[in-house]
Structures are given as structure tokens and as C-alpha cells.
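S.K.: Just the structure for this:
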Amino acid sequence: MKFYKDHYDVIVIGGALAGLSSALMLADKGLDVLVLERHNLPGGIATSFVRGGIEIEAALHEMMSIGPKENRLKVGKFLDDMGVDIDWLPVPECYHASLPGLEVTLHPGFERFAEEVDTMVPGTYDQVLKLLKLCDTVFNSVNELSIHPMSKAKMLLKHEAFVKTAGYTTKEVIDSFHLPQKAVDLLSPYWIYVGSGFSDLPFTIYAVLMADYVGYGSMIPRKLSHEMSLKMAERAEEMGVQIEYRQHVDKILVKDGKAYGVRTARGDEIYSDYVISSAYPNTVYTRMIEPISEVPEKATKMVNGRRISLTAFSVILILDRPAQELNIKDYSIFRSDTMDTDLLYENLAGLGPYRYLTCICHNYGNPGVTPEGTCSFSVTVLPRVDGWKEVKAEDYDRVKHQVARQVIDDMSAYFGVNLLDHVLEAVIETPMTVARYTGAWNGCIYGYAHTMEDHIVARLQTAEEEKFIEGLEFAGAHAISGDGMGPAVTNGRKAAKNVLDHMAEKEAAK
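M.R.: You can find the predicted model right below:
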């Protein structure tokens, strides 16, 4: 019996969240879908691993766009609609900010968040709430426009705040509220999750991030991020999707400007009408299109013109005491000696010492995540790829341990406890780890940077022009919506919608 069918409607390269979202949506519409995943498990960085008999979260800090069961947001609703049953747990706070002159834990809910900022910086409640409400208005507009595009004239009538702020940076909009610097500092910590300093970060991106996390809170799966990918894969197979693991796609086959299938590393040629790629366009257009002559010059210019966003460096520790005994009091801690985001962005270009750390103690969101009497604590930096791609093989071990020691010592000093004295298990993840495991371009986890020249608003307008090869779509952190696991699901859905729309157009033209 043949391993593969003679033909599929769609081949999806990559069984991470974006690829599985595409597969679910296409299967729901009755299409014949094949997913090819290079690893023996689905999920990409939405995964976990076991050390010392303890399952450890590999990457997820918090999941956006889920919402409580009675009021699901777009990602949560999509998963529910697809029959993917995940046991979500609410994250107890937005974050604890440990900044110069500021130590405060801020919680979700626009009014509560504004009240807590006002407690630290009296007299700011009204303006902070007004800013957060503006973020929410823009957030709702982005969600609607991503599903129902409309003319500029209609956008101005229905989405005035979105249109009026779309051309401004985060710094410009926040400055217009004339808030004291300490209040601005408390409104800034999430910047790292989009990876551009405020003077170059479109306010649209900041608004979506703040409204989602601050207004509606975030979630984590009880059984770690691998619960998401495993249950998505299981549901996809129930819906008829064929998922094959340990199948590395080497080439995307193209003829006369149209994709018609793939070739695996072991030599299987598999044919389809459409291909959805989780591999970055940088990889696809430089290594994977066969023949290479089918790559248009515009595609090469596009990938060369886009700025790669952030990668990841994490130290994950399993500690031999409950968190409280180690003076770890919060789920999420953002720690820095400054909140000048432009300065911090420059700092992330090197190999440290890093000035901006994000820390997670999973036990506060998921009490049973480690055995009783222990806790899981991670320290993460989200550096730019610039410095790490220059690390030589002979220096790699020294550099990764040097950076790990720096971030552990920093947090040990903050807690007043030498964390190294309490380590049961320690894992260091570097940009090289990400690149090797996922194949992501330069180990980048956040796709292309959102800047004033290139972000979701501009990308939506140029999306049709950037379809350089018919039948080829992209789904992953590098696609239109940008970075994060929530946007990866959205990007997978968008790729599937593009396929379905193209099929409908072809059918209508007959």
C-alpha cells in the first residue's frame, strides 16, 4: 500500500500551531489535507520536555486571545469551534514590574489596572484608563477588519480611532496623554513581546497587545503548551487530516509560477493543489523552491527588506523549595534598570549583560505543574539575532553558560536567595536551540519585526502583491499578524482562508 495518496488538496509544511490551525480549518470545509512534520511530535516550540521525571514547559509564558469559557476571544473561540478541548487556566496577574523606583503587581481588567497604576503614580487614573480604552477600540477594529476588509472611507466612518492612530508610533500616542514617566514605565513592560522600541513600534500593535492582555487577561494550558498542539493534532486526525511525522520537506515544487507539491528529504514527491509553509519565506525563497528559477526577484527583495524580530534565550530551573520560600511571589516578573525601550532594544543586539529580563513561576498559574515542595522558575531574554548569529561553534558552550550565569545571578540578588543552591534541574535554551529544533530562520521566534515601515496594517495592504507563487501560502510567526503563539493560530487560519477564497474564485470563474 502506498504511504501517500496520489494527490491532496493541500499540503501543510509543519505541524506547529499555525500549520495545525490551517489543517483544522481546511478539514472542517471538507478538504483533503496532509501535514508533514520534521519531528516525531507536533507543536514546534509549543512543546514540553522531561528532566528528572518532571515535565517542563519549553516556551509558553502566557496565551493571548483565549478568554474565559463564557466570553471566548478569537483564538479560544476558534479552538472551541474546531472541537479542540483544552483545559485553560487563568494567569493570576498581568505582571509584576520591578523597575527603578517601582515595585508593583498589576492585574487584568482596564479599571483595576488603571487603579493600580494610580496607586503608584497618583492622579493618573483617568488618563491611563482613557489610553487603555483607546487600545481596546483599536483592538476591536483590528479583529473586525481582519475578517471584513473595507474601503478607507468606510474604515474612517466605522473605525475612526484605528484610522487616526494607524500612522503613529506608540511613543507619539502615549506622549499625547501627558502622563508622568513612572506611569509610562508601568504601561511599557509588554513591549518585549513585540520586540521594537516605542519610537518605532506602531501604536496599532501596542494597542492590540495591551487590550488583549490587560483587558481580558491571559491563559495557560493545565498540561503545558504541548496540550494545545497534541489536542489540535488529535482533533485534526479525527477530522480526516493525514499527519506524518519525521518527514522533512526539502523542496516545494513549482512550475510556471504555481506550486504543485513537495519533495521530502527521503525523496518522496507528493502532489497537491496548494502548499502552506510554516518555514520562513527567507528559507523558502533561498533554499526550497525547485527549480530556483521560479523564485521571482520581488520575493528575494521582500525577504531582504524585512527585519527579523527577536529570538529567545531562557534558563529554566526546577527548584527544591516552594516559590514562597525562595521569595518568588509572582507568576510574571519584568525586571530592568530602565524602561527606555529604544535603549533596551539596542542592548538586545549583543550577548549581554542583558538589562531586561522576563521571569515566570508557573506554579502560581498552575499549582500542580511540579511536585509538592518544588517550583518551576524561568528567566528569559528575548535578544535580537544580531549577536547570537556571530557566536562561533568553539565559543558556544562558554557563551551560553556565561549568559545563563548573568541572568541567574541577577535574579538571585533580587530575591536575596542564591537560586543555584536550590537547583534540582536546569535547562538552557538558546537561539541555536530554537534554530536546530524548529528550523526557524536564525532561531527567530517572533517573525518579522513590526516597525512603522512594515507592520500588520501595511502587510494587509500588500498581501496580494506578495503572493509571488500561486498556490503557496505562509503560516507561522512570520506571517501577517506577527509574533506569538496566539498570532500563529491566527496566521494559520488566514492561510487556510486564502486557500478557500482562491478555490472559490476558481470555481466561480468556471
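S.K.: residue boundaries of the strands in the stretch 101-250 of the chain?
M.R.: Remark: strands assigned in the stretch 101-250 of the chain by DSSP state E, counting those that start in this stretch are 102-106, 219-221, 242-244, 249-255.
S.K.: The stretch 251-400 of the chain too?
M.R.: In the stretch 251-400 of the chain, the strands defined using DSSP E, counting those that start in this stretch lie at 258-264, 269-277, 289-290, 313-319, 332-336, 356-361, 375-381.
S.K.: most packed of the strands of the stretch 101-250 of the chain?
M.R.: Neighbour counts (mean count of other C-beta atoms under 10 Å) averaged over each of the strands of the stretch 101-250 of the chain peak at strand 219-221, with a mean of 25. All C-beta atoms are positioned from the backbone trio N, CA, C, and that covers glycine.
S.K.: re the thing from before, what's the closest of the strands of the stretch 251-400 of the chain to Met120?
M.R.: In terms of C-beta to C-beta, the element of the strands of the stretch 251-400 of the chain nearest to Met120 is strand 332-336, at 14.4 Å.
S.K.: Tell me where the protein is predicted with low confidence.
M.R.: Within the chain, the stretches with pLDDT under 70 are 1, 146-157, 460-461, 481-482.
S.K.: in the lengthiest helix in it, what's buried?
M.R.: When the chain is parsed with DSSP state H, its longest helix is helix 485-509. Neighbour-count burial for helix 485-509, counted by 16 or more other C-beta atoms under 10 Å, picks out 485-500, 502-503.
S.K.: now the angle between strand 269-277 and that helix, please.
M.R.: Angle, helix 485-509 to strand 269-277, by axes from the mean of the first three to the mean of the last three C-alpha atoms, to 10 degrees: 120 degrees.
S.K.: Which residues does helix 485-509 contact?
M.R.: By C-beta atoms under 8 Å, 6 or more residues apart in numbering, the list of residues contacting helix 485-509 from outside reads 10, 16-23, 25-26, 29, 31, 46, 60, 63-66, 74-75, 78-79, 146, 212, 225, 228, 273-274, 276, 471, 473-477, 479-481.
S.K.: Selection in PyMOL covering whichever of those residues are buried, please.
M.R.: Per 16+ other C-beta under 10 Å, the buried members of the contacts of helix 485-509 correspond to this PyMOL selection:
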select buried, resi 10+16+17+18+19+20+21+22+23+25+26+31+46+60+63+64+65+66+74+75+78+79+146+212+225+228+273+274+276+471+473+474+475+476+477+479+480+481
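S.K.: Would you mind giving the domain segments of the chain?
M.R.: If you go by automatic domain parsing, the domain ranges for the chain are 8-87+223-306+449-509, 100-216, 310-438.
S.K.: where's the second one relative to the chain centroid, distance-wise?
M.R.: Here the centre of domain 100-216 is set off from its chain's centre by 19 Å, with C-alpha atoms, centre = their mean, to the nearest Å.
S.K.: What's the end-to-end length of it?
M.R.: For domain 100-216, the first-to-last residue distance is 27 Å (C-alpha to C-alpha, to the nearest Å).
S.K.: quick revisit: same list, the domains of the chain, but as a markdown table with distance to Lys2 please.
M.R.: Converted to a markdown table, the domains of the chain look like this (distance: least, C-beta to C-beta, whole Å):
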| stretch | distance to Lys2 |
| --- | --- |
| domain 8-87+223-306+449-509 | 10 |
| domain 100-216 | 39 |
| domain 310-438 | 29 |
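S.K.: out of the ones you listed, which comes closest to Glu93?
M.R.: Among those, domain 100-216 comes nearest to Glu93, with 5.0 Å by C-beta to C-beta.
S.K.: OK, contacts around Glu115?
M.R.: Glu115 sits next to Tyr125 when contact means C-beta under 8 Å, 6+ apart.
S.K.: before we move on, what about Ile408?
M.R.: Residues in contact with Ile408 (C-beta under 8 Å, 6+ apart) are Val315, Leu317, Val379, Leu419, Leu420.
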